[in-house]
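Trainee: sharing a model that was predicted from the sequence below.
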Amino acid sequence: MVMSLRVGHRRYVLTTGANSIGRDPASTVYLNDSSVSRAHARITIAAGQATVEDLNSKNGTSVQNQLLEGPTLLADGDELEFGNVKGWFIIEAADDPPTTTHL
């Protein structure tokens, strides 16, 4: 099973453990947008499940248009919003061909 976050035309494969999301270039998911905090959110993969939590960001994190108030379990296809940046959480079988188009 491969878990990823799709933002625009980019696909970020998430690994077991903590995956940082933010404007810091060292983040697992680097989002260069002024509405995103340097350390905005974290997606944690453990025991085949993914949870997302906001890291006290200025503009908040939402899942399915609901502002997070604590760690939240993610489901395949969930829409996430980090500040003004939208993304989608995707779960694929490990043997599925990639659906990312390289330009």
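Mentor: Nice, I can see it. Residues are numbered from 1 along each chain as shown.

Trainee: would you list the strands that the helix or strand encompassing residue 91 pairs with, along with their directions?
Mentor: For residue 91, the element it lies in under DSSP states H and E is strand 85-92. Applying DSSP bridges, strand 85-92 is found paired with strand 2-7 (antiparallel), strand 79-82 (antiparallel).

Trainee: distance from the chain centre to it, please.
Mentor: Centroid separation for strand 85-92 versus its chain: 6 Å, with CA atoms, centre = their mean, to the nearest Å.

Trainee: what pairs with the closest residue to residue 87 other than its chain neighbours across the strands?
Mentor: The spatial neighbour of residue 87 that comes closest, neighbours along the chain excluded (CB to CB, 6 or more residues apart in numbering), is residue 7 at 4.0 Å. No exception for glycine: its C-beta is placed from N, CA and C like everyone else's. Beta-bridge partners of residue 7, counted by DSSP bridges, are residue 10.

Trainee: how near is residue 7 to residue 48?
Mentor: Per CB to CB, to the nearest Å, residue 7 is found 23 Å from residue 48.

Trainee: neighbour count winner among those two?
Mentor: Using other CB atoms under 10 Å, the more surrounded residue of residue 7 and residue 48 is residue 7, with 19 against 9.

Trainee: tell me the pLDDT of that one.
Mentor: The per-residue pLDDT reported for residue 7 equals 97.

Trainee: need the strands for this structure, in chain order.
Mentor: For the chain, the strands defined by DSSP state E occupy 2-7, 10-14, 17-22, 29-30, 41-46, 49-54, 61-63, 66-67, 72-73, 79-82, 85-92.

Trainee: please point out which parts of the second one sit buried.
Mentor: Within strand 10-14, the residues that count as buried by 16 or more other CB atoms under 10 Å are 11, 12, 14.
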